[in-house]
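Asker: Quick one: sequence and predicted model below, then my questions.
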Amino acid sequence: MKGKFLLKSVFIGALGLAMMTPGAIAHDVLDDISIEKGEGAGSEAVIPQLEGSKNLSGWHEVAAVQLEEKDGVQNNTADVYAHNGFAYVGTHTQNGGNGGVRVFDLKDPSNPEEVAVFGDEIPGTWTEKVIVKKVNTKDFNGDLAAVSVQQLDRSNPDSVGGVLLYDVTDPNHPEKLGFWEVDKRAPGTHELYLAKQGDRAFVLAASNYADYYTHGEKKDFSLIDVSDPSNPETIYEFDPRQLEEVADDFNGYHWEAPDGKTRPVFNHSVMTDENAKTAFLSYWDLGTIMLDISDPDNPEYLGRTEYASDQQGSAHSAQVAKGGTVLVETREVYAPKREGYEESYGYTRIFDIKDKSNPKLLSNFKTDLVDEVEDGVTFANTVHDPKVVGNTLYLSHYAGGVRAVDITDPATPTEIGRYVPENSFIWGVFADRNYILASDMGSGLKVLQKSNKPE
């Protein structure tokens, strides 16, 4: 039993350990609370299974690989992505950042081999997100990697944030193609997405606080044409002031909302639907903003999600399901006790978005963690990133590991599995038919695979 389930006493101990070792300043650095992310400590004591029901039976952890030291420095992980049998792992800020993107060969998923490092050439930065896709334009044909770059210290004269573009057609030998700079005054690009439309390729960049730090000269969301990766070109920026309901009450970061609350507003993350016709901007307390980008040179605002007066917004990330008719919105509420708001960590909301001008809330999905409010525990109990494969929603949940949710009926989401390695602090999750990947801030890359052997 112990090999399959992490006992509650061990789990609570992992929470404490994870939160004792500080990482980087929280995303919401301009808000009234400044806290730090922790990293869990790795352990080889338990090799857990993705416990659950339905289609998750038989998924086991087959590998747990720490990142290799770089120049004598041990970095910790950020997000994870997979493409054509290789895993791409971003790095966070531990020991001064500059860990770049780590490439793992997954030919043998039980023995991932770190084969390359790239995106580490800008001093004083870290690389949270990497997306890799096959791109075919008149200027580039191959596998393109887009990497978000953020400054650790904006006063460092040698650092700058933005988006690095690499040719990873040969993942063992990545080649730099270009760089898109946000603005030296802004922290950089936190999350991004790479999309294709016909013979054009685009990066959608969430450069949180760019509006604030540049006094409105740059915006938090940029749509960048990277059809020629050596010459990325900004073709559109979104300004919340263009929304009539926000225009008169927005000062570049804080919004004096109609409910009487002063709410933080910045673009944290962005992604598109499968055909890159709709962009989803996670705009914290302004909700998930939806833009029609079917004509990328002339995007149009469609609608946004909203919150009850007693809900912290904290729209962190998004995914779509059911052919783009359902929106999954994760909310990174790391300070569960705020006057005037419900006492809860971040949980997931699911919307019907057939009419994007009028999103309809179908359900709230809460794990067993979000209502267990504990003094001193911040990020450990909130939800983080979502991924959807078919009718299964995978959620990275920091110390709560990975949670799998059946969304066959989005109005009644049901947890069907959980993977909680000892002392886990899971940042990102990526799932496909061959494996499930999880990036653990303390102990590196975790690989789960389905065993065909009888239980």
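Answerer: That came through fine.
Asker: ranges for the helices of the stretch 151-300 of the chain?
Answerer: Ranges of helices in the stretch 151-300 of the chain, per DSSP state H, counting those that start in this stretch, are 210-213.
Asker: for F140, what are its contacts?
Answerer: Residues in contact with F140 (Cβ atoms under 8 Å, 6 or more residues apart in numbering) are 167, 177, 201, 227-229. Every residue, glycine included, has its C-beta placed from N, CA and C.
Asker: Quick check: beta-bridge partners of T272?
Answerer: In this structure, T272 has the following beta-bridge partners (DSSP bridges): A279.
Asker: Check for me that N95 belongs to a helix.
Answerer: Yes: assignment of N95 by DSSP: H, G, I helix; E, B strand; the rest coil places it within a helix.
Asker: so it sits right up against G72, yeah?
Answerer: No: between N95 and G72 there is no contact, the gap being 9.4 Å when judged by Cβ atoms under 8 Å.
Asker: between those two, which one's more packed in?
Answerer: Comparing N95 with G72 by neighbour count (other Cβ atoms under 10 Å), the higher total belongs to N95, at 15 against 6.
Asker: If you drop the residues flanking it in sequence, what lies closest to that one?
Answerer: Taking Cβ to Cβ, 6 or more residues apart in numbering as the measure, N95 lies nearest to V73, with 4.7 Å between them; neighbours along the chain are not counted.
Asker: Compute the number of surrounding residues for that neighbour.
Answerer: For V73, the tally of surrounding residues (other Cβ under 10 Å) stands at 12.
Asker: Kindly report the same for the one 10 residues further on.
Answerer: By other Cβ under 10 Å, 18 other residues sit near H83.
Asker: again with D297
Answerer: Neighbours of D297 under the rule other Cβ under 10 Å: 10.
Asker: how much space between G124 and L165?
Answerer: In this structure, G124 and L165 are separated by 20 Å, where distance is defined by Cβ to Cβ, to the nearest Å.
Asker: Kindly report the same for E237.
Answerer: With the distance defined as Cβ to Cβ, E237 ends up 19 Å from L165.
Asker: So which of the two has more stuff around it?
Answerer: Set E237 next to L165 and count neighbours by other Cβ under 10 Å: L165 wins out with 26 against 17.
Asker: wait, that one sits on P232?
Answerer: Yes: judged on Cβ under 8 Å, L165 makes contact with P232 at a distance of 6.6 Å.
Asker: anything in contact with each of those two?
Answerer: Taking Cβ under 8 Å, 6+ apart as the criterion, L165 and P232 both touch 178-180, 203, 226.
Asker: want to try a markdown table for these, with pLDDT, distance to N156 and neighbour count as columns?
Answerer: As requested, the shared contacts of L165 and P232 are arranged in a markdown table below (pLDDT from 0 to 100; distance: Cβ to Cβ, whole Å; neighbours: other Cβ atoms under 10 Å):
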| residue | pLDDT | distance to N156 | neighbour count |
| --- | --- | --- | --- |
| G178 | 98 | 22 | 16 |
| F179 | 98 | 17 | 17 |
| W180 | 98 | 19 | 24 |
| V203 | 98 | 24 | 27 |
| V226 | 98 | 26 | 26 |
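Asker: tell me which of those is nearest to R403?
Answerer: The shortest separation between R403 and any of the shared contacts of L165 and P232 is 29.4 Å, and it belongs to V203 (by Cβ to Cβ).
Asker: what residue ranges in the chain score low on pLDDT?
Answerer: Applying pLDDT under 70 to the predicted model, the residue ranges of the chain that meet it are 1-47, 452-455.
Asker: spatially speaking, which residue is in the middle of it?
Answerer: Centroid-nearest residue in the chain, with Cα atoms, centre = their mean: D385, separated by 4.9 Å.
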